[in-house]
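1. Have a look at this fold, sequence not included:
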């Protein structure tokens, strides 16, 4: 089938490795499985792409499934301050990118029939109207997306600050959300970030569909509510996941000492510890985590970063070397039991390795899906954004994780509790039950993506909508 008779979708990815990963995989699936032509616009926040962004862009270009266009960064310094929260900053970037995006879309042939943006990209949906495109928003996990769609209702119903509410927040189809577990933009209603969040929720309701990076078996209750409850605004909801980064071992990861070490460990005996590209711990928490790991006597790979400057004293002389924050003698005492990494680690390769049996994770949704699709249970360690909601879901609803009694954002998790959680996942009967459950979900997720599966069918339905729109566009162009 030539390009003229294919549905042509434009995907616009806001800045950040996490957004690029799932947006690129969505684009690849639409091309490979559903006969789309996809033009993929990458928005950068600064003049040079980060190493992670560069690697993903290069990989996508090499695969040649997508037509990748990197847009020049825009200056938002007149609109937001240098320390503006991420939600405010990225939505400002996406608002300012509209003229450049418009110029990028205008010459495309055949004319695109649909635009897909992530949740930060709703400001560019205005551009879609000019080109008569269908408008879709691609979100991450179901609970945070349900919150975004429902927040215009909460904004009217709740008086005062969310944090001051005595009762949990009730969102149809989700477990009750503790006020302290809501996403950061809802923590202060007087700030610009709150208004932006409510506005994004309202804009999503006006789209032609919301795509969710999950599948029917994982989120049946929430998806049903989002489709049937009036409070969500009657927007069509498509579960199209699990979309995760496909493992393409680079030469560096093929030669990785980490993978060589993993090859020598017993099956499902190693705990992988990583807090994502932005996650850092306080100096005190690094100490407690190190002692907890040592006391657990479990094998581990720990991706360690130095504390943020606000959490470490400049006077103590430890500087920016992450290893300086480990307890004295720690590395000598653990010997070959564990490895501490201060640079990049091939997460996908590690999680999918037969020797990996647990993941202590910040619960970003990409990492959570990678863990599930590798059959690996989790210790949750949420730090920011929607991670607290994800952690609650994984531990209390899905049953594939344990979480600390005190939220890591609220205080220091002690070494005894860390030891207990690690042992629970790695060797206790409860951990074995979680491992069995997560392996069931892995099989379920794989089935959802193949022909006839729920996520495959959801994308097929979307493809049909795009073809219908393409035909109607063609009629408009040709005239009666």
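-> Received the coordinates, thanks. Model, not experiment: these values are computed from the prediction. Numbering: from 1, shown residues only.
2. List the buried residues in stretch 354-361.
-> 355, 356, 357, 358, 359, 360, 361 (16 or more other Cβ atoms under 10 Å). Just so you know, the C-beta spots here come from the backbone N, C-alpha and C atoms, and that holds for glycine as well.
3. of these, closest to residue 82?
-> Among the buried residues of stretch 354-361, residue 361 lies closest to residue 82 (Cβ to Cβ), at 29.5 Å.
4. I'd say the closest one and residue 279 touch.
-> No: using Cβ atoms under 8 Å, residue 361 is not in contact with residue 279; the gap is 9.2 Å.
5. between these two, what contacts are shared?
-> Residues touching both residue 361 and residue 279 (Cβ atoms under 8 Å, 6 or more residues apart in numbering): none.
6. What separation do you get for residue 117 and residue 238?
-> Distance of residue 117 to residue 238, given as Cβ to Cβ, to the nearest Å: 14 Å.
7. Between the two, point out the one with more neighbours.
-> Of the pair residue 117 and residue 238, residue 117 is the one with more neighbours under other Cβ atoms under 10 Å, namely 29 against 21.
8. Might you report the residue contacts of the more buried one?
-> Under the criterion of Cβ under 8 Å, 6+ apart, the contact list for residue 117 reads 11, 12, 14, 94, 124, 125, 135, 136, 137, 138.
9. quick one: the strands in the stretch 51-200 of the chain?
-> Assigned by DSSP state E, counting those that start in this stretch, the strands in the stretch 51-200 of the chain fall at 67-71, 114-118, 134-139.
10. Any idea how far apart the tips of stretch 68-75 sit?
-> The straight-line separation of the ends of stretch 68-75 (Cα to Cα, to the nearest Å) is 22 Å.
11. So for it, what gets flagged as buried?
-> Those would be 68, 71, 73, 74, for stretch 68-75 by 16+ other Cβ under 10 Å.
12. my guess is the last one contacts residue 93, does it?
-> Yes: under the contact definition of Cβ under 8 Å, residue 74 touches residue 93, with a separation of 6.2 Å.
13. residues in contact with the residue lying closest to residue 263 once chain neighbours are set aside?
-> Leaving out its chain neighbours, the residue that sits closest to residue 263 by Cβ to Cβ, 6 or more residues apart in numbering is residue 355, at 7.3 Å. By Cβ under 8 Å, 6+ apart, the contact set of residue 355 is 262, 263, 265, 266, 267, 268, 269, 270.
14. pLDDT below threshold where in the stretch 101-250 of the chain?
-> Along the stretch 101-250 of the chain, the parts satisfying pLDDT under 70 run over 247-250.
15. Let me see the ranges of the helices in the stretch 201-350 of the chain.
-> 220-228, 251-254, 257-263, 283-296, 330-334, 347-351 (DSSP state H, counting those that start in this stretch).
16. Longest helix in this structure, by number of residues?
-> helix 454-478 (DSSP state H).
17. Counting by contacts, list what that helix packs against.
-> In this structure, helix 454-478 makes packing contacts with strand 8-13, helix 17-34, strand 114-118, strand 134-139, strand 209-212, strand 237-239, helix 429-449, judged by 3 or more Cβ pairs under 8 Å, 6 or more residues apart in numbering; DSSP states H and E.
18. Could you identify which of the contacts of residue 355 has the most neighbours?
-> Those, ranked by neighbours (other Cβ under 10 Å): first place residue 270, 27 neighbours.
19. who are the neighbours in contact with the residue lying closest to it once chain neighbours are set aside?
-> Nearest residue to residue 270, sequence neighbours excluded (Cβ to Cβ, 6+ apart): residue 299, at 4.5 Å. Applying Cβ under 8 Å, 6+ apart, we find residue 299 in contact with 265, 269, 270, 271, 337, 338.
20. Then residue 194?
-> 185, 186, 188.
21. ditto for residue 118
-> Contacts of residue 118 (Cβ under 8 Å, 6+ apart): 12, 13, 14, 19, 23, 137, 138, 139.
22. Can you tell me how far the second one is from residue 306?
-> Distance check for residue 13 against residue 306: by Cβ to Cβ, it reads 29 Å.
23. Looking at these two, which is more packed in?
-> Set side by side, residue 13 and residue 306 show more neighbours around residue 13, with 29 against 20, by other Cβ under 10 Å.
24. doesn't residue 19 make contact with the more buried one?
-> Yes: between residue 13 and residue 19 there is a contact under Cβ under 8 Å: 5.2 Å.
25. re earlier: spell out which two among the contacts of residue 355 are the most distant pair, please.
-> Greatest spatial distance in the contacts of residue 355: 263 and 268, 13.9 Å, computed using Cβ to Cβ.
26. ok, back up a step: give me the mean pLDDT for the longest helix of the chain.
-> In this model, helix 454-478 has an average pLDDT of 82.
27. which other residues reach it?
-> Helix 454-478 has contacts (Cβ under 8 Å, 6+ apart) with 7-9, 29-30, 33-36, 110-111, 113-114, 132-134, 136, 208-209, 211, 215-217, 238-242, 448-450.
28. Can I get the buried ones among the residues you listed as something I can paste into PyMOL?
-> To isolate the buried ones among the contacts of helix 454-478 in PyMOL, judged by 16+ other Cβ under 10 Å, type:
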select buried, resi 7+8+9+29+30+33+34+36+110+111+113+114+133+134+136+208+209+211+215+216+217+238+239+240+241+242+448+449
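29. among the contacts of residue 194, which ones are buried?
-> 185, 186.
30. for residue 201, what are its contacts?
-> 148, 149, 150, 151, 152.
31. can I assume the last one is in contact with residue 200?
-> Translated: residue 152. No: at 10.1 Å, residue 152 does not count as touching residue 200 under the criterion of Cβ under 8 Å.
32. Pick out whichever of the two has more residues nearby.
-> Between residue 152 and residue 200, residue 200 has the larger neighbour count (other Cβ under 10 Å), namely 22 against 18.
33. Based on its surroundings, how many neighbours for the residue nearest to that one when sequence neighbours are not counted?
-> In space, and not counting its chain neighbours, residue 200 is closest to residue 122: 5.0 Å by Cβ to Cβ, 6+ apart. Using other Cβ under 10 Å, residue 122 is surrounded by 25 other residues.
34. gap between residue 12 and residue 137?
-> In terms of Cβ to Cβ, residue 12 sits 11 Å off from residue 137.
35. Mind listing the shared neighbours of the two?
-> Shared contacts of residue 12 and residue 137, defined by Cβ under 8 Å, 6+ apart, comprise 116, 117, 118, 121.
36. does the first one really touch residue 22, like I thought?
-> No: applying Cβ under 8 Å, one finds residue 116 not in contact with residue 22, separated by 11.1 Å.
37. any residues in contact with both of those two?
-> Residues touching both residue 116 and residue 22 (Cβ under 8 Å, 6+ apart): residue 138.
38. Can you pull the domain assignment for the protein?
-> Per automatic domain parsing, the structural domains of the chain span 3-243+450-478, 252-443.
39. Report the distance from the first one to the chain centre.
-> Domain 3-243+450-478 has its C-alpha centroid displaced from the chain centroid by 12 Å (Cα atoms, centre = their mean, to the nearest Å).
40. Contacts only, for residue 84.
-> Neighbours of residue 84 in contact, by Cβ under 8 Å, 6+ apart: 92, 192, 193.
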